[in-house]
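[1] Kindly return the folded structure for what I paste below:
(one chain, ligands or ions: 1)
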Amino acid sequence: MADLVNELVWSHSRARAFSGCARAYWFAYYGSWGGWDAGAPDAARDAYVQKKLTSRSMWTGTVVHAVAEHALRQVREGFVLGPVEMAVAGARSGARRDIEGSQDGSWLQRPARRVGFREHYYESPPSEADWGAAIDEIERQVRGLWDNRLFQRLCAVPARIKELEDLRRFRVGDVDVFVVLDVLVEDGRGGVVILDWKTGEAHNDADIAVQLGVYGLYATQELGVPDDRITAMHVNLRLGTESRHPVGAAEIHQAAARIAESATAMRSRLRDVAHNVAVAEDYPGLPVGAPACSYCNFRGVCGRR
Ligand code: SF4
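    Numbering: from 1, shown residues only. Just a heads-up that it's a prediction; the model follows:
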């Protein structure tokens, strides 16, 4: 197999990382590169492992998204949606395995595939009651998913689901872009609905607008959907709310401009743009004592444990 090449491919999460601590961005996209390899230098291996760390709230979202994806794949393949009790039991037992594998360190054998919590790696582990509350929250959100009218509608018309957590790469101007849509479904009238499951409490409206604009750009450019036929819906499974967001020509234009501006800024820091070479010294950390360091994944390799 050919060697993997570290390319600068724009994504919403990369842009968000770039707008935060520069050193954390460097660890995530350069310092950890190759750390999956058994023969990697210790620094790259450590950065790679730390990149994979999650927190309880992030993990809740990952588990619930995986349940939604699995259920919709099943119905798309012709199976009947199983009872919620079965989904809940699977999510709860998987969650327990995640916690145990993180606690005993066995996740480190396969950090890309298994779950490692920051709480075990760096901090004093939460109490059993806190883990129990996190698992109960997962159950609550899975039940909310089964009760949600949009989820039920998807299960009724599975052939219309065109995208389901699929990683896509496409070109915008002079940079490639990655997107992963939770769900993109045809509306039966020549348009599409982009559905996003939200599992946390707080979301930034400006951040959401950029993300949806990028999805709209993908739908128009790669799927040929007219820009006035896109609807975006957020279903917040934690709060039990739904919201509709505009995605039209203006949002799509703004997204393309934002990608160009952000990619230019990312390249401006590189020592060698053609080969995507970034040097740690060009990516300073936050001032010592910055609050963000206390929950940063990379506080170990950064020397701020
Ligand atoms: S520990 Fe602080 S300075 Fe270091 S990478 Fe994380 S946020 Fe940046």
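
[2] Is Arg244 in a helix, a strand, or coil?
    strand (DSSP: H, G, I helix; E, B strand; the rest coil).

[3] Report the contact partners of it.
    Listed by CB atoms under 8 Å, 6 or more residues apart in numbering, the contact set of Arg244 reads Thr231, Ala232, Met233. Where you see a C-beta, it was placed from the backbone N, CA and C, and this is true even at glycine.

[4] I'd like to know which of those residues are buried.
    For those, a burial check counting by 16 or more other CB atoms under 10 Å picks out Ala232, Met233.

[5] Now the contacts of Arg244 in TSV, please, with extra columns for secondary structure and distance to the ligand.
    As requested, the contacts of Arg244 are exported to TSV (DSSP: H, G, I helix; E, B strand; the rest coil; distance: CB to the nearest ligand atom, whole Å):
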residue	secondary structure	distance to the ligand
Thr231	strand	37
Ala232	strand	31
Met233	strand	33
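
[6] Contact partners for the closest residue to the ligand within the stretch 101-250 of the chain?
    The nearest approach of the stretch 101-250 of the chain to the ligand comes at Tyr122, 10.7 Å away (CB to the nearest ligand atom). In this structure, Tyr122 makes contact with Arg299, Gly300, Arg305, judged by CB under 8 Å, 6+ apart.

[7] Go back to those and keep what's next to the ligand.
    Filtering the contacts of Tyr122 for proximity to the ligand (criterion: CB under 6 Å from any ligand atom) leaves Arg299.

[8] Ser102: which of the contacts of Arg244 is nearest?
    Closest approach between the contacts of Arg244 and Ser102, by CB to CB: Met233, at 33.1 Å.

[9] Can you classify the nearest residue to that closest one once chain neighbours are set aside by secondary structure?
    Distance criterion CB to CB, 6 or more residues apart in numbering; nearest residue to Met233, sequence neighbours excluded, is Leu195 at 5.2 Å. Applying three-state DSSP to Leu195 yields a three-state assignment of strand.

[10] Then Ala17?
    helix.

[11] Output stretch 235-247 as PDB, nothing but the C-alphas.
    Below are the C-alpha coordinates for stretch 235-247, written out as PDB (Å, rounded to 0.1, in the frame of the first residue of the first chain):
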ATOM      1  CA  VAL A 235     -33.000  17.700  16.000                       C
ATOM      2  CA  ASN A 236     -31.700  18.200  19.500                       C
ATOM      3  CA  LEU A 237     -32.100  14.900  21.300                       C
ATOM      4  CA  ARG A 238     -30.900  16.200  24.600                       C
ATOM      5  CA  LEU A 239     -33.400  19.100  24.700                       C
ATOM      6  CA  GLY A 240     -36.100  17.400  22.600                       C
ATOM      7  CA  THR A 241     -36.300  20.300  20.200                       C
ATOM      8  CA  GLU A 242     -36.200  20.700  16.400                       C
ATOM      9  CA  SER A 243     -35.100  23.800  14.400                       C
ATOM     10  CA  ARG A 244     -35.200  24.600  10.800                       C
ATOM     11  CA  HIS A 245     -32.300  26.600   9.300                       C
ATOM     12  CA  PRO A 246     -32.100  28.500   6.000                       C
ATOM     13  CA  VAL A 247     -29.600  27.100   3.500                       C
END
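
[12] average model confidence for stretch 173-190?
    Across stretch 173-190, the average pLDDT comes to 96.

[13] Could you list the domains of this protein?
    When the chain is parsed with automatic domain parsing, its domains come out as 21-153+287-299, 158-267.

[14] Okay, now the last one: how far is its last residue from its first?
    Meaning domain 158-267. In terms of CA to CA, to the nearest Å, the two terminal residues of domain 158-267 are separated by 41 Å.

[15] Compute the distance from the centre of that domain to the centre of its chain.
    Here the centre of domain 158-267 is set off from its chain's centre by 13 Å, with CA atoms, centre = their mean, to the nearest Å.

[16] rewinding a little: so which of the domains of the chain comes closest to Ala15?
    Using CB to CB, the domains of the chain put domain 158-267 closest to Ala15, at 4.6 Å.

[17] what about the residue nearest the centre of the chain, distance to Phe178?
    In the chain, the C-alpha nearest the mean C-alpha coordinate belongs to Ser13, at 7.2 Å (CA atoms, centre = their mean). Ser13 sits 9 Å away from Phe178, going by CB to CB, to the nearest Å.

[18] follow-up on the earlier one: what remains of the contacts of Tyr122 if I keep only buried residues?
    Buried among the contacts of Tyr122 (16+ other CB under 10 Å): Arg299, Gly300.
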